[in-house]
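Peer 1: Would you be able to build a 3D model of this:
(one chain, ligands or ions: 1)
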Amino acid sequence: MVKDSRIPGFYKLNREKRIEKLKEATGIDAKVLEPLIDPGKVDLEILDHMIENVIGSMTLPLGIATNFAVNDKDYLIPMAIEEPSVVAAASNAARMARDHGGFQATDTGPVMIAQIQAIDVPAPFFAKNRILENKQEIIELANEQDPILVKFGGGAKDVRVKVIDSHVGPMVITELIVDTRDAMGANAVNTMAEALAPMIEELSGGRVLLRILSNLADLRLVRVRATFDKEMLGGKEVVDGIIAAWAFAEADPYRCATHNKGIMNGIDAVVIATGNDFRAIESGAHSYASVNGYSSLTKYEKNSDGHLVGSIEIPMAVGLVGGATKVHPVARACVEILGVDTSTELAHVIASVGLAQNLAALRALAAEGIQRGHMSLHARNVASTAGARGSMVGKIAERLVKEKNIKVERAKEIMAELTGKS
Ligand code: MEV
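Peer 2: Down below sits the predicted model:
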């Protein structure tokens, strides 16, 4: 466990020193970090068994975000991403939340949904009721497929059924609700859904076609909140600017797509570092954001002290067992650096990074706009002081800002140049 994720000047150290600090802070065995430090140490045999037609590997830079405290526990967070500024921005935002208690996270449990599609059902609503009457038998058959999951407290917990209209007529969709514990759960729920097909065919009188999990994992939500310090953000005007930037995203899908992309910059980087399925996370995030018309995954307000309070609610289907997380040596090292014990704890950390990343992006965008606004206002005043009037004020101010030389003397020179009088 990391005692203190605040490592001042981490970014100024060279790579060797950063690794030393990381070892010190986490107490991790040097051997575990080897494949992460030197990609040549990752056995190609392992990769060859992960996908088809393997010829090599593709390495991404792996950085460490500092300053994070989630539910009063400190984390050093590995982030794999090709885009500059993301790791620095996340660390910076986490610093601004740190003195106000860091990030507070809760969740709805590691619960996934599997869908079983029945078509050609003679009486869909009658079938729906029959399936629901047999809920207990369905759950039992599903759980027979994964006794280990059941032993750990997971397994199928509920069944829901809906009749939907489609281009090929009505369909009866049975949804199996499964607690997948520390697994992302795709394999577990797909196996259960497949095993249920004959039973659903019999109960519905129709034909089962698809049996697959839904990436709209809205029963596996994480909620995170944090208070970002007003002064550290740059004052009241920046706080108001961030709220207005967020409101823009809420009001306009073109802006919202970019706003949510900024959230996913942070989220994907940790998801990739830990060997999780970032396409599943992307799909879940954007479909969840679209449920009531595409909107922001985050919210921003001001508290009674004028500090910025931010929150995020997002599906987070990540696991710690199975898949690349267990197989890939770099992913294993990243999980160890994080020091997370459950998939839910990992989900809390990842959603916190998403909130931090979004806050950092909005601050950069809004503060820059505010600064530029200040500069041009200042330049207009300088132009007026130099004697400019009417449209000449704007013309001179523009030149002063462009030249980054907002001085009365220079304003006079430009005015002489523009009016032909010297
Ligand atoms: C760039 O990768 C992400 C941002 O565009 C996000 C945003 O606009 O909020 C900066």
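Peer 1: going forward, measure contacts between C-alpha atoms and count neighbours the same way
Peer 2: Fine.
Peer 1: how many other residues sit next to residue 32?
Peer 2: By other C-alpha atoms under 10 Å, the residues close to residue 32 number 16.
Peer 1: Return the distance of the helix or strand where residue 18 lies from the chain's centre.
Peer 2: Per DSSP states H and E, residue 18 falls inside helix 15-26. Here the centre of helix 15-26 is set off from its chain's centre by 26 Å, with C-alpha atoms, centre = their mean, to the nearest Å.
Peer 1: can you check stretch 23-42 too?
Peer 2: Per C-alpha atoms, centre = their mean, the centroid offset for stretch 23-42 relative to its chain is 25 Å.
Peer 1: What of stretch 54-72?
Peer 2: Counting by C-alpha atoms, centre = their mean, stretch 54-72 comes out at 13 Å from the chain centroid.
Peer 1: who in the stretch 301-422 of the chain is up against the ligand?
Peer 2: The stretch 301-422 of the chain comes close to the ligand at residues 361, 362, as judged by C-alpha under 6 Å from any ligand atom.
Peer 1: Where does the stretch 301-422 of the chain get nearest to the ligand, which residue?
Peer 2: Nearest residue of the stretch 301-422 of the chain to the ligand (C-alpha to the nearest ligand atom) works out as residue 361 at 4.9 Å.
Peer 1: Could you give the number of residues near that residue?
Peer 2: 21.
Peer 1: next one: residue 191
Peer 2: Other residues near residue 191 number 18, with proximity taken as other C-alpha under 10 Å.
Peer 1: Tell me who's in contact with it.
Peer 2: Going by C-alpha atoms under 8 Å, 6 or more residues apart in numbering, residue 191 touches residue 145.
Peer 1: what helix or strand is it on?
Peer 2: Per DSSP H and E, residue 191 falls inside helix 186-204.
Peer 1: In that helix, which residues are buried?
Peer 2: By 16 or more other C-alpha atoms under 10 Å, the buried positions in helix 186-204 come out as 186, 188-197, 199-201, 203-204.
Peer 1: quick one: the residue of the stretch 301-422 of the chain closest to the ligand from residue 244, how far?
Peer 2: Distance of residue 361 to residue 244, computed by C-alpha to C-alpha, to the nearest Å: 13 Å.
Peer 1: residue ranges for the strands of the stretch 201-350 of the chain, please.
Peer 2: 207-213, 221-228, 298-302, 308-315 (DSSP state E, counting those that start in this stretch).
Peer 1: so where's the stretch 151-300 of the chain shaky on pLDDT?
Peer 2: Judged by pLDDT under 70, the stretch 151-300 of the chain has no weakly predicted residues.
Peer 1: That one against the ligand: which residues are in contact?
Peer 2: Residues of the stretch 151-300 of the chain lying near the ligand by C-alpha under 6 Å from any ligand atom: 258, 259, 261, 262.
Peer 1: go with 5 Å
Peer 2: Residues of the stretch 151-300 of the chain found near the ligand (C-alpha under 5 Å from any ligand atom) are 258, 259, 262.
Peer 1: ok, now which ones touch the second one?
Peer 2: If you count contacts by C-alpha under 8 Å, 6+ apart, residue 259 has them with 246, 249, 296, 358.
Peer 1: now those in CSV, with distance to residue 91 and neighbour count?
Peer 2: Shown next, in CSV, are the contacts of residue 259 (distance: C-alpha to C-alpha, whole Å; neighbours: other C-alpha atoms under 10 Å):
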residue, distance to residue 91, neighbour count
246, 20, 23
249, 23, 22
296, 22, 27
358, 12, 28
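Peer 1: Between those, which sits nearest residue 153?
Peer 2: Nearest to residue 153 among these is residue 296, at 33.8 Å by C-alpha to C-alpha.
Peer 1: In contact with that closest one: list those residues for me.
Peer 2: Each residue near residue 296 by C-alpha under 8 Å, 6+ apart is listed here: 246, 249, 250, 256, 259, 260, 289.
Peer 1: Next: residue 186.
Peer 2: Neighbouring residues of residue 186 by C-alpha under 8 Å, 6+ apart: residue 213.
Peer 1: among the strands of the stretch 201-350 of the chain, which is nearest residue 81?
Peer 2: Closest to residue 81 of those, according to C-alpha to C-alpha: strand 308-315, at 20.6 Å.
Peer 1: how does the protein divide into domains?
Peer 2: Structural domains annotated on the chain: 10-107+222-368, 111-213, 372-421, as defined by automatic domain parsing.
Peer 1: and residue 121, how many neighbours?
Peer 2: Residue neighbour count, defined by other C-alpha under 10 Å, stands at 21 for residue 121.
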